[in-house]
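K.L.:
A predicted structure for the sequence below; I have some questions about it.
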Amino acid sequence: MKFSELALINPILRALEEKGYTEPTEIQEQAIPLVLEKQDVLGCAQTGTGKTAAFAIPTIQLIQQQQMSQRIKIEALIVTPTRELAIQIDENIRDYSKHTKIKHTVIFGGVKQGSQVEKLKRGIHILVATPGRLLDLINQRFISLNDIKIFVLDEADRMLDMGFIHDVKKIIKLLPSKRQSLFFSATMPQNIIDLSKTILNNPKKIEVTPASSTAETIKQFAYLTNRSSKISLLKYIIETEKIEEVLVFTRTKYGADKLCKKLQKNDFRAAAIHGNKSQNQRQKALKQFKKGDLQILVATDIAARGIDIDKLKYVINFEIPNQPETYVHRIGRSGRAGELGTAISLCEPEENIYLRDIQKLIGHKIKEVKDSPFPQTDKPMTAEQKKQQNKEKQRRKQEYFSKKKSRKQKRTPQQ
C-alpha cells in the first residue's frame, strides 16, 4: 500500500514525499483511516514502528479540513512523558504540516517558560506537552483545554512508569467529554488497559505486534561477565565490532556519568544524558551524536525515551534493567522502521535473574556469546555482600555529589 491510497490530502502527501515516505508502516496503515473516520483508537506497537506518524498525520488533516475561525485555538493535545519525545513529535508535526495552515508548538519543563508562553499567545492548533509543564501553564491560565477535539496520550506505559498517572488523570478531567481520543503504548499490561478505559469511548484496537515483543530486525546477544570486567568488555566489543555509533544504557544518573568518564579516559568520544543534565546539555549531546561527532552516547532510560536516530545499529545494555518491559523500550532505539539493529547486553551474576525475566517476557532466548575474553566466573553475592556493596555505592555517590557541589560553589562569584 502507498500513502496515496490512504485518502490523505495533497499538502500532506507532498510533505511525505519530500521526506521520502512512500509506504506506510503497519501501524500507520491501520491507524490513519480509523483516525480520519474520527474513531477512538487503542494502539499497541513497539518503539520504532512509526506510531508518531500514525496519529500526527491524520490529526493534522482533520484540523486542516475544519472550517478554521479567525481565533486560533488549541484543538489537538498530544501528551507524552519526556522532553526528548515531545520535541521529536513536534518536529515530525512540523515536517508533515509544512504545506498546511496548521500552527503548533511544544512545551516541557526544565527550561524557562517565557518563549513557550509567547508561542501560545500567538495561537496554535496542535500542542505537544509533557504533563508537568502542561498543568503548570493551565494553572497560570496560559492554556485552556475547552476547545480540544483530539486528545492523544503517547507512550502511556512509560507515563505510568515515571509516576505521571495522577497528572494524566488531572488532565483528562479538564478535557471536553465530547472528543476523539487516541491512546498509544508499546506494552499493554493490565494497568494500561484500565487507564485506557477511562479515556477511550468504544475504541478500535490495533495491535501490530504482540505486546512486549521486540522487532524481528533486531539481533539480540548477551555476554555473561563480571561487574569488574564490564568496562573492558565494552571496550572490546566496540573495537572488535568496529562500532562507530552506539547508545549505551545505565540504570542511574550517577552510573551514566561514571561510565562516561571512564570511556573518555580510554579515548572514546562519549557524552552522557540524564535527568540531571539541562535541556540544552541534552540536546547538544544528542545533536553531536546524530552528526557523528560522538561515538558513544550514555543514557538513562528516562532521558533516552524519545531519542529517534535514523539507522542506529547498536544498543548496548551496560546494566540490564530490572523491569523487562524497559529492555523492550531500550533496544527499540535501533532497528527502527524496518532497519537492521543489534542489541547487546552485558550481564553480571546479579543480573542473571533480570535476563531470565526478559526472555520470559519476549518469548525467546537471547543468544549467549560463548567466546568472550571476559567470561562470567563470579558467583551471585550473598545478602550480606549486597548490603556492603550498597553501602559502598551510597558512600561513593555522596562523595561524588559533594565534590560536584563544592566545585559549583567555587565557580559561583561572591556577592
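P.N.:
Alright, I've got the coordinates. Numbers count the residues shown, from 1 in each chain.
K.L.:
can you pull out the helices in the stretch 151-300 of the chain?
P.N.:
Read by DSSP state H, counting those that start in this stretch, the stretch 151-300 of the chain holds these helices, from start to end of the chain: 156-161, 165-174, 190-199, 230-240, 253-265, 279-291.
K.L.:
hey, which of the ones you listed is tucked in deepest?
P.N.:
Using mean count of other CB atoms under 10 Å, the stretch among these with the greatest mean number of neighbours is helix 156-161 (a mean of 23). Every residue, glycine included, has its C-beta placed from N, CA and C.
K.L.:
that older thread, just put the helices of the stretch 151-300 of the chain in a markdown table and tack on distance to residue 364 and mean pLDDT.
P.N.:
Shown next, in a markdown table, are the helices of the stretch 151-300 of the chain (distance: least, CB to CB, whole Å; pLDDT from 0 to 100):
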| stretch | distance to residue 364 | mean pLDDT |
| --- | --- | --- |
| helix 156-161 | 21 | 83 |
| helix 165-174 | 31 | 94 |
| helix 190-199 | 23 | 90 |
| helix 230-240 | 22 | 95 |
| helix 253-265 | 28 | 94 |
| helix 279-291 | 30 | 85 |
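K.L.:
Select, out of those, the one closest to residue 109.
P.N.:
Taking CB to CB, helix 279-291 is the member of the helices of the stretch 151-300 of the chain nearest to residue 109, at 8.7 Å.
K.L.:
Let's have the helices of the stretch 151-300 of the chain in a markdown table, adding distance to residue 247.
P.N.:
Supplementary listing: the helices of the stretch 151-300 of the chain in a markdown table, determined by distance: least, CB to CB, whole Å:
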| stretch | distance to residue 247 |
| --- | --- |
| helix 156-161 | 17 |
| helix 165-174 | 28 |
| helix 190-199 | 25 |
| helix 230-240 | 12 |
| helix 253-265 | 12 |
| helix 279-291 | 8 |
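K.L.:
doesn't residue 44 make contact with residue 207?
P.N.:
Yes: in this structure, residue 207 sits in contact with residue 44. The criterion is CB atoms under 8 Å, and the distance is 4.4 Å.
K.L.:
Neighbour count: the two, which is higher?
P.N.:
For residue 207 versus residue 44, neighbours defined as other CB atoms under 10 Å are more numerous around residue 44 (26 against 14).
K.L.:
ok, back up a step: who touches both of residue 207 and residue 44?
P.N.:
When contacts are counted by CB atoms under 8 Å, 6 or more residues apart in numbering, residue 207 and residue 44 are jointly contacted by residue 188.
K.L.:
What's the local residue count around residue 182?
P.N.:
For residue 182, the count of nearby residues is 27 (other CB under 10 Å).
K.L.:
Check the one 3 residues further on too.
P.N.:
Around residue 185 sit 25 other residues, with neighbours defined as other CB under 10 Å.
K.L.:
Tell me the spacing between the residue lying closest to it once chain neighbours are set aside and residue 405.
P.N.:
Across the structure, with CB to CB, 6 or more residues apart in numbering as the measure, the residue nearest residue 185 apart from its sequence neighbours is residue 156 (4.1 Å). Spatial separation of residue 156 from residue 405 under the definition CB to CB, to the nearest Å is 37 Å.
K.L.:
do the same with residue 105
P.N.:
According to CB to CB, residue 105 and residue 405 sit 35 Å apart.
K.L.:
Which of those two has more residues huddled nearby?
P.N.:
Under the neighbour definition other CB under 10 Å, residue 105 and residue 405 were set side by side, and residue 105 has more, 21 against 10.
K.L.:
so what's that one bridging to?
P.N.:
In this structure, residue 105 has the following beta-bridge partners (DSSP bridges): residue 127.
K.L.:
Touching, it and residue 121? I think so.
P.N.:
No: Residue 105 is not in contact with residue 121 according to CB under 8 Å; the separation is 10.5 Å.
K.L.:
Okay, now the unreliable bits of the stretch 251-400 of the chain?
P.N.:
For the stretch 251-400 of the chain, residues meeting the criterion pLDDT under 70 lie at 302-308, 310, 336-338, 379-383, 385-386, 389.
K.L.:
Break down it into its strands, ranges please.
P.N.:
Residue ranges of the strands in the stretch 251-400 of the chain, as given by DSSP state E, counting those that start in this stretch, are 270-273, 296-299, 314-317, 341-347, 367-368.
K.L.:
Local confidence estimate at residue 408?
P.N.:
For residue 408, the pLDDT comes out at 65.
K.L.:
Residue 53 too?
P.N.:
In the prediction, the pLDDT value recorded for residue 53 is 94.
K.L.:
What is the host helix or strand of it packed up against?
P.N.:
If you go by DSSP states H and E, residue 53 is part of helix 51-65. Taking 3 or more CB pairs under 8 Å, 6 or more residues apart in numbering; DSSP states H and E as the contact definition, the neighbouring helices and strands of helix 51-65 are helix 10-18, helix 26-36, strand 41-44, strand 76-79, helix 83-96, strand 126-129, strand 150-153, strand 180-185.
K.L.:
The ones you listed: which one's closest to residue 252?
P.N.:
Residue 252 lies closest to helix 83-96 among those, at 18.1 Å (CB to CB).
K.L.:
and the residue nearest to residue 185, how far is that from residue 335?
P.N.:
Note on residue 156: its distance to residue 335, by CB to CB, is 22 Å.
K.L.:
Would you mind finding the most buried of the strands of the stretch 251-400 of the chain?
P.N.:
The highest mean neighbour count among these belongs to strand 296-299 (a mean of 27), with neighbours defined as mean count of other CB under 10 Å.
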